[in-house]
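K.L.:
need coordinates for the following:
(2 chains, ligands or ions: 2)
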Amino acid sequence: MAAKSYSNPIVKWIEYRLPIFSFLDHELNEYPTPRNLNYWWNFGSLAGIILVIMIATGIVLAMSYMPHVNYAFESVERIMRDVNYGWLLRYIHSNGGSAFFIVVYIHLFRGMYYGSYKAPRELLWIIGVVILLAMMATAFMGYVLPWGQMSFWAATVITNLFSAVPLVGESIVTWLWGGFSVDNPTLNRFYSLHYLLPFVIFALVFVHLWALHVHKSNNPTGVDIKGPQDTIPFHPYYTIKDTFGLGAFMIVFMFFVFFAPNFFGEPDNYIKANPLVTPAHIVPEWYFLPYYAILRAITFDIWFIPAKLIGVAAMFGSILILLFLPWLDRSKVRSATFRPIYKQVFWVFVVDCIILGWVGANTPDADFHGVKMLWIGQAATFYYFFHIVILIPLISVLETPRALPDSISQAVTPGGKS
Amino acid sequence: MSDSASAGGTTADMPVTDDKSRRDFLLISTATVGVVGTALACWPLIHAMNPAADTLALASTEVDLAPVQTGQSITVVWRGKPVFIRRRTADEIKTAEAVPMDKLIDPQPDKARVKKPEWLIMVGVCTHLGCIPLGQKPNDPHGEFGGWFCPCHGSHYDTSGRIRKGPAPKNLEIPPYQFVSDTLIRIG
Ligand code: HEM
Ligand code: FES
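P.N.:
Ligands and ions are numbered 1, 2, ... in the order given. As a prediction, this is how the structure comes out:
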């Protein structure tokens, strides 16, 4: 980085002591970015903006929210009815949770399609998976805060998953609850952690970007940056492209906030938590449905291992297995554009995840044209793991990739320098 | 470091290997004390999340059974959880006692689950993932075995509260309780 000289004396004074201006200039302004990024590269910056929106609305909600079993539900009702713009803050925050997951899931599938997890971006990918886990914990605990029926029973069912751990399961659950059932101590600690984790996510995002800026963005061809002819400066080219994408996203997001604010919610959560009555049909938030389907797909013991434990292991395993993707996929070609077979099974995998979500929303004994939901869930769960553990490694060694362009510049402007 | 010590000869009266192992010892013991100390210092943080003294103190409840008729169920709260108390009919007791052990997922004779066969007292929390099974009211679903049915993932319990079908691994739990008199019990 060529040392920049600044004319403003205050900037100069600060820069000499803390080179923050040259740092920002280097990372956000002149930062060289592949010239061929498409709109699938918009979702990372969108996720970052949503994180900021969640923290801003969350901090103000926290000023009127009361984390006590006798007041939590009432305080959220008060936010909705009496607090100035409380309804807006809450609807932005609750729909923001859904938007966050949509955007991050697209971001993740983008990475799978274009092979962004491959060397040298393995750690970048792993940090991303850790961010996803932290987001899940945050969203789960946030959902408990309004203390409605779904809040309470989601907390009960999910914390009870840990009772599947051999020997110490029951003690872990009591420890998580701080009592003998989900109760006031549980609500208090969930609130404490719901406040903490977004800031942990913020720090993880920083590390994620740090790793990104070492080797720079991947791109739709998956071919490395070979020189200045392959890149353009981040500002103004991608600041403007990301801002345009943000506008498009906001139109959709605000549609839900203003016109369908409870679309992603469950009516049962407007009934105050009652520890003595379980709602007839408990479902998690939509972004957890595929994992819920995997959990319920395991109804059989394997040798001496009880079904409940395998179900829980499969559920957590479905995310943890993503950590190994960089090593399961042996193909040197990153982008699916040049991988004729992988390109097709990738979409089968996307459809499989959607099927899992659909199964998760239904009761296991429901049937679909005579086929039991449970069987569909089992088949889809099988395919999920089969795809990642068997198909990806196999295709990566057997497939003959198409010829790669010599460079990004050559791919986008034929006859361009390579 | 031991190399330079031997070359410089400053610790010539001491064998070189001795010096190295002394340093290793100091290093390892300091690190061990540090790790154990940190772990011990973490314990209060972890244990603070376990049930507090007042939570534990709420651990017993008395229930008057006099108003409960044969064939009726009541639900009381103990430690924040529902406890099902059912005054069973002679039929229900007979069916429960007649089930052969090899038909059960979690084999337990009916005798072992009651103090007086007429009174079935158990924690009304499904042993799968903690939902409250239906079956306390006459018009609730009672499952395929005439007892309780958990709607969350479909577990069926029989007239002794034993798991018969579905994902739950264990019978409904029997809480510790005593008959204080013929019509009064203390749970916990
Ligand atoms: C990663 C970012 C975050 C996510 C994904 C998230 C998610 C959620 C969700 C799903 C709810 C339940 C919404 C509902 O149904 O009412 C919620 C509630 C809540 N969150 Fe967050 N949250 C985040 C950040 C924060 C932060 C940083 C704070 C405060 C400092 C906060 C404070 C609250 C409060 C007070 C509630 C209860 C009020 C309500 O239910 O609207 N959140 N959060
Ligand atoms: S909690 Fe009762 S069947 Fe799952």
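K.L.:
tally of neighbours for B:E173?
P.N.:
B:E173 has 14 neighbours, counted by other CB atoms under 10 Å in any protein chain shown. The way it works is simple: take the backbone N, C-alpha and C, and place the C-beta from them, glycine included.
K.L.:
what of the one 5 residues further on?
P.N.:
By other CB under 10 Å, the residues close to B:Q178 number 11.
K.L.:
what's the closest non-adjacent residue to A:M66?
P.N.:
A:S75 (4.1 Å; CB to CB, 6 or more residues apart in numbering or on different chains).
K.L.:
hang on, isn't the one you found packed against A:V69?
P.N.:
No: in this structure, A:S75 is not within contact of A:V69 by CB atoms under 8 Å, at 11.3 Å.
K.L.:
which residues in chain B form helices?
P.N.:
Ranges of helices in chain B, per DSSP state H, are B:2-8, B:16-47, B:53-57, B:90-98.
K.L.:
briefly note if the shortest one comes near chain A.
P.N.:
If I follow you right, that is helix B:53-57. Yes: interface with chain A: helix B:53-57 contributes B:T55 (CB under 8 Å from any CB of the partner chain).
K.L.:
quick one: average pLDDT of that helix?
P.N.:
The average pLDDT within helix B:53-57 is 84.
K.L.:
and it, how far out from the chain's middle?
P.N.:
On the basis of CA atoms, centre = their mean, to the nearest Å, helix B:53-57 sits 17 Å off its chain's mean C-alpha point.
K.L.:
contacting residues for the residue nearest to A:M66?
P.N.:
If you count contacts by CB atoms under 8 Å, 6 or more residues apart in numbering or on different chains, A:S75 has them with A:64-66.
K.L.:
let me have those in JSON lines, adding distance to B:P138, pLDDT and neighbour count as columns.
P.N.:
What follows is the contacts of A:S75, written out as JSON lines (distance: CB to CB, whole Å; pLDDT from 0 to 100; neighbours: other CB atoms under 10 Å in any protein chain shown):
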{"residue": "A:S64", "distance to B:P138": "44", "pLDDT": "97", "neighbour count": "16"}
{"residue": "A:Y65", "distance to B:P138": "41", "pLDDT": "98", "neighbour count": "20"}
{"residue": "A:M66", "distance to B:P138": "39", "pLDDT": "97", "neighbour count": "17"}
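K.L.:
mind checking which of these land in helices?
P.N.:
Per DSSP H, the contacts of A:S75 never map to helices.
K.L.:
circling back to that earlier point, got the buried residues for whichever strand or helix holds the residue nearest to A:M66?
P.N.:
A:S75 belongs to helix A:72-81 when assigned by DSSP states H and E. Within helix A:72-81, the residues that count as buried by 16 or more other CB atoms under 10 Å in any protein chain shown are A:72-73, A:75-76, A:79-80.
K.L.:
is that helix up against ligand 1 anywhere?
P.N.:
Yes: Helix A:72-81 reaches ligand 1 (CB under 6 Å from any ligand atom) through A:V76.
K.L.:
related to what we said a few turns ago, so which of the contacts of A:S75 would you say is closest to ligand 1?
P.N.:
Nearest to ligand 1 among these, counting by CB to the nearest ligand atom, is A:Y65 at 3.8 Å.
K.L.:
for the closest one, which non-adjacent residue is spatially closest?
P.N.:
Leaving aside its chain neighbours, A:Y65 sits nearest to A:S75 (5.3 Å; criterion: CB to CB, 6+ apart).
K.L.:
tell me the confidence at the one you found?
P.N.:
pLDDT at A:S75 comes out at 97.
K.L.:
what of the one 4 residues further on?
P.N.:
Among the per-residue scores, A:I79 shows a pLDDT of 97.
K.L.:
what do you get for A:L328?
P.N.:
98.
K.L.:
and it, how far from ligand 2?
P.N.:
33 Å (CB to the nearest ligand atom, to the nearest Å).
K.L.:
can you get me a residue count around that residue?
P.N.:
Around A:L328 there are 17 residues (other CB under 10 Å).
K.L.:
for the closest residue to A:S335 other than its chain neighbours, give me its contacts.
P.N.:
Sequence neighbours aside, A:G222 is the residue nearest to A:S335 in space, at 3.2 Å (criterion: CB to CB, 6+ apart). If you count contacts by CB under 8 Å, 6+ apart, A:G222 has them with A:114-115, A:333-335, A:337-338, A:404.
K.L.:
equivalent analysis for A:L320, please.
P.N.:
A:V129.
K.L.:
give me the distance from stretch B:52-63 to the chain's centre.
P.N.:
Put simply, stretch B:52-63 sits 16 Å off its chain's centre (CA atoms, centre = their mean).
K.L.:
swap that for stretch A:388-398, sorry
P.N.:
25 Å.
K.L.:
now it: average pLDDT?
P.N.:
For stretch A:388-398, the mean confidence score works out to 97.
K.L.:
and stretch A:191-209, by the same measure?
P.N.:
Stretch A:191-209 comes out at a mean pLDDT of 98.
K.L.:
SS state for the residue in the stretch 301-418 of chain A that ligand 2 sits nearest to?
P.N.:
Closest approach of the stretch 301-418 of chain A to ligand 2 (CB to the nearest ligand atom) occurs at A:K308, with a separation of 9.0 Å. Following DSSP: H, G, I helix; E, B strand; the rest coil, A:K308 is assigned to helix.
K.L.:
pLDDT below threshold where in chain A?
P.N.:
Where chain A drops to pLDDT under 70, the residues are A:1-4, A:416-418.
K.L.:
longest helix of it?
P.N.:
In chain A, assigned by DSSP H, the helix with the most residues is helix A:184-215.
K.L.:
next one: that helix to chain centre, how far?
P.N.:
On CA atoms, centre = their mean, the centre of helix A:184-215 falls 13 Å from the chain's centre.
K.L.:
now do it against helix A:72-81, angle only.
P.N.:
60 degrees (axes from the mean of the first three to the mean of the last three CA atoms, to 10 degrees).
K.L.:
which residues touch A:I408?
P.N.:
When contacts are taken as CB under 8 Å, 6+ apart, A:I408 is in contact with A:34-36, A:219, A:221, A:223, A:225-226, A:230-231.
K.L.:
turn the buried ones among those into a named ChimeraX selection, would you?
P.N.:
In ChimeraX, a selection of the buried entries from the contacts of A:I408 looks like this (16+ other CB under 10 Å):
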select /A:34,35,36,219,221,223,225,230,231
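K.L.:
show me which of the contacts of A:I408 is closest to ligand 2.
P.N.:
A:N219 (46.5 Å).
K.L.:
quickly note the distance from the closest one to chain B.
P.N.:
Remark: distance between A:N219 and chain B (CB to the nearest CB, to the nearest Å) = 45 Å.
K.L.:
now do the contacts for that residue.
P.N.:
Going by CB under 8 Å, 6+ apart, A:N219 touches A:34, A:36-37, A:41, A:114, A:225, A:408.
K.L.:
now do A:A273
P.N.:
Neighbour list for A:A273: A:69, A:73, A:147-149, A:151-152 [criterion: CB under 8 Å, 6+ apart].
K.L.:
so what's it closest to, chain neighbours aside?
P.N.:
A:F152 (3.5 Å).
K.L.:
is the helix or strand harbouring that neighbour up against ligand 1 anywhere?
P.N.:
Using DSSP H and E, A:F152 falls within helix A:149-160. No: using CB under 6 Å from any ligand atom, helix A:149-160 stays clear of ligand 1, with a minimum separation of 7.6 Å.
K.L.:
tilt between that helix and helix A:184-215?
P.N.:
Going by the same axes, to 10 degrees, helix A:149-160 makes 80 degrees with helix A:184-215.
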